[in-house]
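Enquirer: below are the sequence and a predicted model for it; my questions follow.
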Amino acid sequence: MARGLFSRAWLSKTYHFQARLSYIRVKYLFLTWLAVFVSSWVVYVQYSTYSELCRGRECKSIICEKYSKGIIDGSACSSLCEESSLYFGRCLSTKPNNQVYTGSWGDHDGVIKCHLTDILHYELGDELEPKKEVALFDKPTRGTSVEKFKEMVASHLKAKVGEQANLSSLVSLIFSLADSNKDGHISLPEAKSAWALLQLNEVLLAVVLQDREHTPRLLGFCGDLYVVERVPHTPLYGLSLPWPMELWIPTGMRRNMEQWFTPSWPRKAKIFIGLLELIEDIFHGTFGSFLMCDMRASTFGYTNRHDLRLVDGRRVVAEEAFKQAMILQRCEDDKDCIYGVDCRTSCNHVEHRCKAEVAQPNLARACGALKDYLLRGAPVHLQKELEKQLFACMALKGSAEQMEMEHSLILNNLKTLLWKQISHTNDS
């Protein structure tokens, strides 16, 4: 009898063990299936996103077809289409119609930018409603004389930067850029490429600031595809997370994480001084004033020597063009009067049109955007004075032209304060 009881107990334990083992197997099988399903979904979404955003082959094909037909020409055309010495590298595109890739061109590391769209003629950029041309590279037309083309360029630049005493000098710079083979003559394909590039804010800025150190050099072009110098360190915070991680990380935690990956404070101070110098360069510069309408950290980068570089100039717009576009913009509320990320004007509720004057100058928006970046890790004895000056900077209202004296005073005070702290260090 005892043996029977023992036997039943053993069978019962065996049954429960097997049942538990089966449950564990089913559980792990389900978890494995779920992991495979989620991974497959992530891969599919990533691939779909990549194939939609990254269309470098299509861009190259369109440009090289135009080049082979003699419609366009430029300093990068033969390297791109015949010699294959201009290579597309890693895709950096964030919009399907704005293709951005790292690139290699001989001894140069660059960034290749190309526009896949039938919308070419921009009055202000890709945020406000653009004017559509009939076809790409349709201007100037065959038979247009050099003098007529020069008048076209001068008229376009006047609309962009306003009436300037040295407008003819800017036209000469554009013609020097257009003459890609440096033979002293502008061919029709070269003129078509130059006209297409002139519609792009970033290219105009590169020409205007070509002798300055805070914008990447324009290395070459073919049609409206162009290559600029690559900046070693981007974005400014040094942290770029894969998009699935970004979805799950709260904004506050993300901001703290970004601060962990910044350079040392003296180096951050030097980078910020570079931003102040860039603002000086585009405020009442040689060819008028420009507005920086995207002060996010992703817009900027820095070199190995911690010199600031503007890596995305698409939303840097000539102030005159900004004003002309805003007064044509219909509005119901102030929130309708914004260009880019942070260039705002107010709404005239009587006429239902946006006002022309920007609400805050470049300097105030730069101080607001990078306040936390600069204050974190600042020397204790400097914190109070630095915070005071940054808040005074952020309080600036109206255009810089309206309050030129105060604008210059605050900018110079900030530069002096920071430079005194780092001038004796290796970082300077």
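Expert: Cool, got the structure.

Enquirer: which element follows the helix or strand hosting L390 toward the C-terminus?
Expert: According to DSSP states H and E, L390 maps onto helix 380-394. Counting by DSSP H and E, the next helix or strand C-terminal to helix 380-394 is helix 404-422.

Enquirer: list the buried residues of that following helix.
Expert: Buried positions in helix 404-422, judged by neighbour count with 16 or more other C-beta atoms under 10 Å: E406, H407, I410, L411, L414, L418, Q421, I422. Backbone N, C-alpha and C define where each C-beta goes, glycine included.

Enquirer: and which of the residues you listed is nearest to G89?
Expert: I422 (34.4 Å; C-beta to C-beta).

Enquirer: quick one: neighbours of E385, just the number.
Expert: 12 (other C-beta atoms under 10 Å).

Enquirer: and what of S85?
Expert: Around S85 there are 12 residues (other C-beta under 10 Å).

Enquirer: isn't it right up against G106?
Expert: Yes. Using C-beta atoms under 8 Å, S85 is in contact with G106, at 6.1 Å.

Enquirer: anything in contact with each of those two?
Expert: Jointly contacting S85 and G106 under the rule C-beta atoms under 8 Å, 6 or more residues apart in numbering are S79.

Enquirer: list of residues touching whichever strand or helix holds K60?
Expert: Here K60 sits within helix 56-68, counting by DSSP H and E. Applying C-beta under 8 Å, 6+ apart, the external contacts of helix 56-68 come out as 72-73, 77, 80-81, 88, 91, 99, 101, 112, 114, 116, 136-137, 189, 222-223, 225.

Enquirer: please pick the buried ones from these.
Expert: Listed as buried from the contacts of helix 56-68 are 72-73, 77, 80-81, 88, 99, 101, 112, 114, 116, 136-137, 189, 222-223, 225; burial here means 16+ other C-beta under 10 Å.

Enquirer: just the buried positions in stretch 65-76, please.
Expert: So, applying 16+ other C-beta under 10 Å, buried residues of stretch 65-76: K66, Y67, I71, I72, D73, G74, S75, A76.

Enquirer: give me the number of residues near the closest residue to S93 other than its chain neighbours?
Expert: Distances taken as C-beta to C-beta, 6 or more residues apart in numbering put L53 closest to S93, at 4.6 Å, once the chain neighbours are dropped. Counted with other C-beta under 10 Å, residues neighbouring L53 total 16.

Enquirer: and A364, by the same measure?
Expert: 23.

Enquirer: you'd agree it is up against C393?
Expert: Yes. Counting by C-beta under 8 Å, C393 is a contact partner of A364 at 6.0 Å.

Enquirer: got the contact list for L167?
Expert: A154, L157, K158, V161, F287.

Enquirer: and the first one, what element?
Expert: Same thing as A154. Using DSSP H and E, the element containing A154 is helix 146-161.

Enquirer: ok, the closest residue to I410 other than its chain neighbours to L188 distance?
Expert: Computed as C-beta to C-beta, 6+ apart, the closest residue to I410 that is not its neighbour in sequence is C393, at 5.1 Å. Taking C-beta to C-beta, to the nearest Å as the measure, C393 falls 49 Å from L188.

Enquirer: cool, and R296?
Expert: Taking C-beta to C-beta, one finds R296 at 40 Å from L188.

Enquirer: what do you get for S104?
Expert: 30 Å.

Enquirer: one more: P263?
Expert: Computed as C-beta to C-beta, the P263 to L188 distance reads 48 Å.

Enquirer: can you check G377 too?
Expert: 56 Å.

Enquirer: same question for K397.
Expert: Counting by C-beta to C-beta - K397 and L188 are separated by 48 Å.

Enquirer: now do the contacts for P96.
Expert: Residues counted as contacts of P96 (C-beta under 8 Å, 6+ apart) are E52, L53, R55, L116.

Enquirer: which of the residues you listed scores worst on pLDDT?
Expert: The member of the contacts of P96 with the lowest pLDDT is E52, at 72.

Enquirer: need the phi and psi values for R353.
Expert: When read as degrees, to the nearest 10, the backbone of R353 gives phi -130, psi 150.

Enquirer: who's it bridged to?
Expert: Beta-bridge pairing for R353 (DSSP bridges): R330, N348.

Enquirer: is it in contact with R330, as I believe?
Expert: Yes. If you go by C-beta under 8 Å, R353 and R330 touch, sitting 6.4 Å apart.

Enquirer: higher neighbour count, those two?
Expert: It is R353, of R353 and R330, that has more neighbours when counted by other C-beta under 10 Å, with 18 against 11.

Enquirer: need the contact list for the more buried one.
Expert: Neighbouring residues of R353 by C-beta under 8 Å, 6+ apart: I327, L328, Q329, R330, C331, C347.

Enquirer: dump those residues into a markdown table; add distance to L308 and pLDDT as well.
Expert: Output for the contacts of R353, formatted as a markdown table (distance: C-beta to C-beta, whole Å; pLDDT from 0 to 100):
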| residue | distance to L308 | pLDDT |
| --- | --- | --- |
| I327 | 32 | 93 |
| L328 | 33 | 92 |
| Q329 | 31 | 93 |
| R330 | 37 | 94 |
| C331 | 34 | 95 |
| C347 | 34 | 95 |
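
Enquirer: now which of these would you call buried?
Expert: Buried among the contacts of R353 (16+ other C-beta under 10 Å): Q329, C331, C347.

Enquirer: thinking again about what came up before, pull out the buried residues from the helix holding A154.
Expert: Here helix 146-161 shows F149, K150, M152, V153, H156, L157, K160, V161 as buried, counting by 16+ other C-beta under 10 Å.

Enquirer: how about the contacts made by N98?
Expert: K113, H115, L116, D126, R314.

Enquirer: ditto for A359
Expert: R344, T345, S346, K397, G398.

Enquirer: let's see 10 Å
Expert: By C-beta atoms under 10 Å, 6 or more residues apart in numbering, the contact list for A359 reads D334, C337, I338, D342, C343, R344, T345, S346, R365, K397, G398, S399.

Enquirer: show me the buried residues of stretch 65-76 that map onto strands.
Expert: Counting by DSSP state E, none of the members of these fall within strands.

Enquirer: among those residues, which two are most distant?
Expert: I71 and S75 (16.3 Å).

Enquirer: can you list the domain ranges for this structure.
Expert: Here the domain assignment for the chain is 56-229, 243-422, based on automatic domain parsing.

Enquirer: any chance of those in TSV with distance to L236 as columns?
Expert: Shown next, in TSV, are those (distance: least, C-beta to C-beta, whole Å):
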stretch	distance to L236
domain 56-229	13
domain 243-422	4
